[in-house]
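Trainee: generate coordinates for the sequence data below:
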Amino acid sequence: MMDELVKMVQLTKRYGNTVALKDVDLSLPQGKIIGLLGPNGSGKTTLLKIIAGICRPSSGEVYVLNKPLGLATKKIVSYMPDKAYFYKWMKISDAIDYYRDFYEDFNSSRCSELLDFMDLNTTYKIASLSKGMVEKLQLVLTLSRNAQLYILDEPIGGVDLITREKILNSIVNFYDVNCSILITSHLVADIEKLFDTVIFIKDGEIALYSDVEELRIQRGNP
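Mentor: As a prediction, this is how the structure comes out:
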């Protein structure tokens, strides 16, 4: 039996009169790369932010490794948002120092390996980086934590094909099979090969939850 990493019970999130998530019951297993897919406005980013402890649910319960959302779960989850959050005055080395000081589980040796893999020099200034380089740096910092769950919101959005391939390769090469990765992307054809499990969300509700291999067999594409 696969251990349960995240459990959601009747999770609901409202923004005023808008219901972003509605009575979501969902369990995420350990040791899997999970794709969270759905159209814009379906509730994907809201769901990720709640698991990461950035956004509070309106009702319902969420547990990460049997712990309710709070400081303890923030130490378990490493979150890469869909928008960069670096200060323009920073160099890459400053961003690394900031992360190292902020997170006790920051793994400096893994960070160095990832920087080499991504061809990023610590002397580069954030303001001079291309969008693709910023995406790569965000991923480096996110994966450099010794977390149990890595959440990646659109990690390959808006970057060129070469950068996209580099990012996907880094996820595969540096993935720890004892952890899980939860990924959203609208570029499904490029990233679906990574997924063990896929979740489709529509209008704030789970429309499909399936093992990828089972889904391929059902569709006659094993």
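
Trainee: Asp153 against Leu48, yeah?
Mentor: Yes. Asp153 lies in contact with Leu48 (CB atoms under 8 Å); the separation is 5.4 Å. (Each C-beta comes from the backbone N, C-alpha and C, glycine too.)

Trainee: now do the shared contacts for the two.
Mentor: Common contacts of Asp153 and Leu48 (CB atoms under 8 Å, 6 or more residues apart in numbering): 79, 184.

Trainee: the more surrounded of the two?
Mentor: Legend: neighbour count by other CB atoms under 10 Å for Asp153 and Leu48, higher for Leu48 (24 against 21).

Trainee: only C-alpha atoms, please: export the helix or strand harbouring the more buried one in PDB.
Mentor: Taking DSSP states H and E as the criterion, Leu48 maps to helix 44-52. Only the C-alpha atoms of helix 44-52 are listed here, as PDB (Å, rounded to 0.1, in the frame of the first residue of the first chain):
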ATOM      1  CA  LYS A  44      -5.000  24.400 -10.100                       C
ATOM      2  CA  THR A  45      -2.900  27.200  -8.600                       C
ATOM      3  CA  THR A  46      -5.300  27.600  -5.700                       C
ATOM      4  CA  LEU A  47      -5.000  24.000  -4.800                       C
ATOM      5  CA  LEU A  48      -1.200  24.200  -5.000                       C
ATOM      6  CA  LYS A  49      -1.000  27.300  -2.800                       C
ATOM      7  CA  ILE A  50      -3.200  25.700  -0.200                       C
ATOM      8  CA  ILE A  51      -1.000  22.600   0.000                       C
ATOM      9  CA  ALA A  52       2.100  24.900   0.200                       C
END
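
Trainee: helices or strands next to that helix in the packing?
Mentor: Where contact means 3 or more CB pairs under 8 Å, 6 or more residues apart in numbering; DSSP states H and E, helix 44-52 is packed against strand 4-15, strand 18-29, strand 33-37, strand 59-64, strand 77-80, strand 149-153, strand 180-184.

Trainee: other SSEs contacting the third one?
Mentor: The one in question is strand 33-37. Going by 3+ CB pairs under 8 Å, 6+ apart, strand 33-37 lies up against helix 44-52, strand 180-184, helix 188-191, strand 197-202.

Trainee: the fourth one too?
Mentor: Under the contact definition 3+ CB pairs under 8 Å, 6+ apart, strand 59-64 sits against strand 4-15, helix 44-52.

Trainee: any idea which of those is most buried?
Mentor: Greatest average neighbour count among the helices and strands packed on strand 59-64 goes to helix 44-52 (a mean of 23), per mean count of other CB atoms under 10 Å.
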